[in-house]
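Participant: I'll drop the sequence and a predicted model, then ask my questions.
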Amino acid sequence: MKVVIVGGVAGGATAAARLRRLDETAEIVVFERSGFVSYANCGLPYYIGGVIEDQEELTLQTPESFYERFRVQMKVRHEVTAIDRSAKTVTVRNLATGEVFQESYDKLLLAPGARPTQPALPGVGLDRLFTLRTVEDTLRIRRFVDTQHPKSVVLAGGGFIGLELAENLRERGLDVTIVQRPKQLMTPFDADMAALIHREVRAHGVRLALGHTVEGFAESEGGVQVLLKDEQPLQADMVILAIGVTPDSRLAAEAGLELGLKGSILVNDRMQTSDPDIYAVGDAVQVNHFVTGQPALIALAGPANKQGRIAADNITGGDSRYKGSQGSSVLKIFDLTAAATGLNEAAARRAGLDVEAVVLSPMNHAGYYPGGRVMTMKVLFERSTGKLLGAQIVGSDGVDKRIDVLATAIRAGMTAADLTELDLAYAPPYSSAKDPVNMAGYMMENLLTGKVKQFRLDELTALPRDGSITLLDTRTTGEYSRGHADGFINLPLDELRDRLNELDPAKPVYVMCQSGLRSYLACRILTQHGFTCYNFAGGYRFYEAVTTDRCQSDQAFACGMDK
């Protein structure tokens, strides 16, 4: 059997190695149009920033080392330009010599990945405008920064690559501005959680131009102008386009294979295309979202590697199935870590799910152990069933651990109540006896069983301030004096039982504290004394972060804080 693979990075290289482990006699040929194979896409921004010093560290294998270990022909600088399905051949161009030839196959695997989205805008071809996809792109950007010493950069796009570049270029001393059409960075996160990311990047001197549309680029003396719709142009020494990726499905489309979302390659759960002898994996393919079962595009290295392994199993006569992607991801952002898995709230609502969320701010380890830092967690679940739908966490140490636990719980089909029973490792330097994941489970269970009701940030501004309800802040007098939400009166939790006569039991009480714990305790007291009580999700810390971000992003937004 002869297997030809188009693309030698994540999915393609994984498939090639798996094929050899399963079939020692198969002829395996990989064509990669760049000059490198099996390289770490996710590490590219860190080489630009100098964190990774040696460019050889970016490649896990070379064509020579891959052949020595697996006897796989890795032909770099070779571009597959066409597929002839009836003849079962591909047309290949040697980019070094210009030679064009045909290569036959018994099975064909497409792993072309995704290309940086480049809209047809004026000035896209300027010398000082870059994209980042391959090692060659990385070397070109690093060389420009090292030799031209630019002082400023505009990053068009605020996703994973944009933020990693922002951090690395800022660490190299450049003035960095991120332009993003949505009014938030990192669209896998909900806007309220993205506010915590905005605060961190602004604190490190990165300017954010959110909600602005790039209309083109113009060369200026020694630099580039970024042309914005209805705004003055931005001036920079260099520009990097990081506005997303588009499935690289040209070969599949021209070969008549069925396509899916945004022109992606349509595959079944065996990673098989509409042609049974052609498979496809990685960023170019449409997958099913694990939580909703609906079609999705999820361009991440983990799914690509898993799909490559599954395709190899099936090519060699096995029956492996890909059960869907849930978008688990983690990102370093200066001194913070941001992670997500499953659906965010906006996506859950678009999918028609009856979604609810808890927001909590636990310490990463036991509070009495030195060095603890707060993380903010948002965990989503389905009201009717308690089924876990997704999670987002922003913090420092321990974020990756909690998101992986929650990702596993979602994959296992666990409910909110199941989280309360997880037996997680505990020692003061690493966690608390009630781990943050357990705490999220307790909070969701309390909501599902009716022990507490809550109100959310998007409901807060609509609450009447006419005296028909009671807005109560249960923090200490000192905390309250340093800042509180508009209209809230102060009655510290520890004084609440003795001052219940000051509250009207006929009026619903909406309670806030710093993190949500004291207000929850207040609600339990008030409910058992005949009051109707609602606890604010996330606490004043969360409210202040989100509200301040909205004020900075949109001067027309009413901040709603009394200082």
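Facilitator: Noted; the coordinates are in hand.

Participant: hang on, residue 102 is in a helix, isn't it?
Facilitator: No - counting by DSSP: H, G, I helix; E, B strand; the rest coil, residue 102 falls outside a helix, being strand.

Participant: residue contacts, it?
Facilitator: Contact analysis of residue 102 by C-beta atoms under 8 Å, 6 or more residues apart in numbering lists 84, 89, 90, 91, 92. Every C-beta, even on glycine, is put in place using the N, C-alpha and C of the backbone.

Participant: dig out what it forms beta bridges with.
Facilitator: With DSSP bridges as the criterion, residue 102 is bridged to residue 91.

Participant: what about it, distance to residue 33?
Facilitator: 17 Å (C-beta to C-beta, to the nearest Å).

Participant: and if you look at residue 302?
Facilitator: 23 Å.

Participant: so for those two, which residue has more residues nearby?
Facilitator: Under the neighbour definition other C-beta atoms under 10 Å, residue 302 and residue 33 were set side by side, and residue 33 has more, 19 against 13.

Participant: need the nearest residue in space to the more buried one, chain neighbours excluded.
Facilitator: Excluding its sequence neighbours, the residue lying closest to residue 33 (C-beta to C-beta, 6 or more residues apart in numbering) is residue 79, at 4.0 Å.

Participant: neighbours of residue 474, just the number please.
Facilitator: By other C-beta under 10 Å, neighbour count at residue 474 equals 27.

Participant: so for it, what pLDDT did the model give?
Facilitator: Per-residue pLDDT puts residue 474 at 98.

Participant: so it makes contact with residue 514?
Facilitator: No - at 9.1 Å, residue 474 does not count as touching residue 514 under the criterion of C-beta atoms under 8 Å.

Participant: ok, residue 222 - contacts?
Facilitator: With contact set as C-beta under 8 Å, 6+ apart, residue 222 has these partners: residue 237.

Participant: and the helices in the stretch 1-150 of the chain?
Facilitator: Under the criterion DSSP state H, counting those that start in this stretch, the stretch 1-150 of the chain contains helices at 10-22, 44-48, 63-70, 135-148.

Participant: turn those helices into a markdown table, including mean pLDDT.
Facilitator: Below are the helices of the stretch 1-150 of the chain laid out as a markdown table (pLDDT from 0 to 100):
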| stretch | mean pLDDT |
| --- | --- |
| helix 10-22 | 96 |
| helix 44-48 | 91 |
| helix 63-70 | 93 |
| helix 135-148 | 93 |
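
Participant: and these: which comes nearest residue 385?
Facilitator: Closest to residue 385 of the helices of the stretch 1-150 of the chain, according to C-beta to C-beta: helix 10-22, at 34.0 Å.

Participant: and the closest one, what's buried?
Facilitator: If you call a residue buried by 16 or more other C-beta atoms under 10 Å, then helix 10-22 has these buried ones: 10, 11, 12, 13, 14, 15, 16, 17, 18, 19, 20.

Participant: closest to residue 200 among the residues you listed?
Facilitator: Looking across those and measuring by C-beta to C-beta, the closest to residue 200 is residue 10, at 28.4 Å.

Participant: measure the closest one to residue 305 for me?
Facilitator: Distance from residue 10 to residue 305, by C-beta to C-beta: 6 Å.

Participant: ok, residue 313 next?
Facilitator: From residue 313 to residue 305 the distance is 13 Å (C-beta to C-beta).

Participant: now swap in residue 135 and tell me
Facilitator: Distance of residue 135 to residue 305, computed by C-beta to C-beta: 18 Å.

Participant: more neighbours, those two?
Facilitator: Taking other C-beta under 10 Å, residue 135 and residue 305 do not tie; residue 135 has more neighbours (21 against 18).

Participant: give me every residue that touches the nearest residue to the more buried one once chain neighbours are set aside.
Facilitator: Computed as C-beta to C-beta, 6+ apart, the closest residue to residue 135 that is not its neighbour in sequence is residue 36, at 4.4 Å. Each residue near residue 36 by C-beta under 8 Å, 6+ apart is listed here: 58, 59, 76, 134, 135, 136.

Participant: hmm, the first one is touching residue 138, no?
Facilitator: Spelled out, it's residue 58. Yes - between residue 58 and residue 138 there is a contact under C-beta under 8 Å: 7.2 Å.

Participant: please enumerate the shared neighbours of those two.
Facilitator: 44, 47.

Participant: these two: which is more packed in?
Facilitator: When residue 58 and residue 138 are compared for neighbours, residue 138 comes out ahead with 24 against 19, by other C-beta under 10 Å.

Participant: next, count neighbours for the nearest residue to that one once chain neighbours are set aside.
Facilitator: Residue nearest to residue 138 in three dimensions, not counting chain neighbours: residue 44, with 4.4 Å by C-beta to C-beta, 6+ apart. Residue 44 has 25 neighbouring residues, counting by other C-beta under 10 Å.

Participant: contacting residues around residue 44?
Facilitator: Residue 44 touches 58, 132, 135, 137, 138, counting by C-beta under 8 Å, 6+ apart.

Participant: max pairwise distance over those: which two?
Facilitator: The largest separation in these, counting by C-beta to C-beta, is between 58 and 132 at 12.3 Å.
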